[in-house]
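Colleague: have a look at this prediction, sequence included:
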Amino acid sequence: MKRYGKTQALAGLDLVVRPGRVVALLGPNGAGKTTFVRAVATLLRPDAGTLHVDGIDVLRKPARVRQVVGLAGQFAAVEEAMAGRENLEMVGRKAAKAAAVRVLAQMQLTADADRLVRTYSGGMRRRIDLGISLVGTPRLLLLDEPSAGLDPGSRIQLWDAIRRLVSTGTDILLTTQYLDEADRLASDIVIIDHGTVIAAGTPAELKTLAGDDMIEVHVRDADDLPAVSGVLAKLGHDPRVDVPTRRAYVAVDDGGSRLVVTRRGPWTATASPSRTSRCAGPRSMRSSSPSPESPRRLLTHPNSPPTPDPAGRQEPSS
């Protein structure tokens, strides 16, 4: 537990990170993500509770913990007036030159090792900052919002670097607000809010928990939407229509098999007690599973149905 005045930053956050996996700590601003990372890195002391890293008591033996963890904070902590290689050698102690060569290769920065960091792109600076955390070959690497502020290309390069670290046996705990980042990198996702865990599991488990599959039908004529919606209502629950885009949606348990049934038709439905409507058939149909955005619903409306967007993806309710 950790409190700042009247603010409860960590409220009994109970978390066990299994070795050999990437764990993403996901939550909104103020959820307690950075506070938890700083506690693991021994940069602040919890007010109560227990905390162990690699079997070491963080409260009793913080110096030993610092020998087995590496930390890359939210902002790149590099010396811009020095070359990338010099930044690495500066933090290295024993065999600093060899460690720099190893890390430069890991981060794919060997060709740019002797350039001043001020000439690096944002993504390269972030990678050299990540490399600085690896000089001491940490058992656990802490990444606090590693791709914040990076352009899409730099984010992909950074993700590739993180995957290479995982493949060599480095355990990683990262915090992020980017749901796609957690989905792409993490073996396990822990969602926290107000300093406590509200959900945890693999990305697939959390997507299933957050919402159903969706069937989307795109019709040629908006006048056909009532008939199509009537057919879809028999297949699932919470049918919806989007008149401007001429699409109808329904939430189902098994989108793949339900889609086969839907394609067979017939496309007829009773619009009123005295009127039966029939349409020429859909322009297109598709089924979609919960998207990487789905876990956000667990932070807001955990019991509400997912809301589809006009492109056919499942978006979180808000």
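Modeller: Received, thanks. Model, not experiment: these values are computed from the prediction.
Colleague: from the chain's centroid, how far away is stretch 153-167?
Modeller: Centroid displacement of stretch 153-167 relative to its chain, using C-alpha atoms, centre = their mean, to the nearest Å, is 14 Å.
Colleague: where does the closest residue to residue 76 other than its chain neighbours fall, phi/psi-wise?
Modeller: Closest residue to residue 76 apart from its sequence neighbours, by C-beta to C-beta, 6 or more residues apart in numbering: residue 129 at 3.9 Å. The C-beta positions use only the backbone N, C-alpha and C, and glycine is treated the same way. Here is the backbone geometry of residue 129 (degrees, to the nearest 10): phi -70, psi -40.
Colleague: so who does residue 129 touch?
Modeller: Shown in contact with residue 129 (C-beta atoms under 8 Å, 6 or more residues apart in numbering): 72, 76-78.
Colleague: 10 Å - rerun?
Modeller: Contacts for residue 129 (C-beta atoms under 10 Å, 6 or more residues apart in numbering) come out as 72-73, 75-78, 87, 107, 117, 146.
Colleague: ok, residue 81 touching residue 90?
Modeller: No: contact between residue 81 and residue 90 fails when scored by C-beta atoms under 10 Å: they sit 11.6 Å apart.
Colleague: more crowded one of those two?
Modeller: Neighbour count, other C-beta atoms under 10 Å: between residue 81 and residue 90, residue 90 has more, with 14 against 9.
Colleague: distance from the chain centre to stretch 216-226, please.
Modeller: Relative to its chain's centre, stretch 216-226 lies at 34 Å (C-alpha atoms, centre = their mean).
Colleague: before we move on, what about stretch 89-105?
Modeller: Computed by C-alpha atoms, centre = their mean, the chain-centroid distance of stretch 89-105 equals 31 Å.
Colleague: and what of stretch 87-94?
Modeller: Stretch 87-94 sits 32 Å away from the centroid of its parent chain (C-alpha atoms, centre = their mean).
Colleague: residues of that stretch that come out buried?
Modeller: For stretch 87-94, burial by neighbour count (16 or more other C-beta atoms under 10 Å) applies to 87-89, 91-92.
Colleague: for residue 67, see how far away residue 89 is.
Modeller: Remark: distance between residue 89 and residue 67 (C-beta to C-beta, to the nearest Å) = 19 Å.
Colleague: residues contacting the closest residue to residue 115 other than its chain neighbours?
Modeller: Excluding the flanking residues, the one nearest residue 115 by C-beta to C-beta, 6+ apart is residue 83, at 6.0 Å. Neighbouring residues of residue 83 by C-beta under 10 Å, 6+ apart: 89, 112-120, 128.
Colleague: residue 164 too?
Modeller: 105-108, 170.
Colleague: do the same with residue 150
Modeller: Residue 150 sits next to 121-123, 125-126, 156-159 when contact means C-beta under 10 Å, 6+ apart.
Colleague: between those, which is closest to residue 61?
Modeller: Residue 61 has its nearest neighbour among the contacts of residue 150 in residue 126, at 30.9 Å by C-beta to C-beta.
Colleague: just confirm that closest one is within a helix.
Modeller: Yes: assessed by DSSP: H, G, I helix; E, B strand; the rest coil, residue 126 belongs to a helix.
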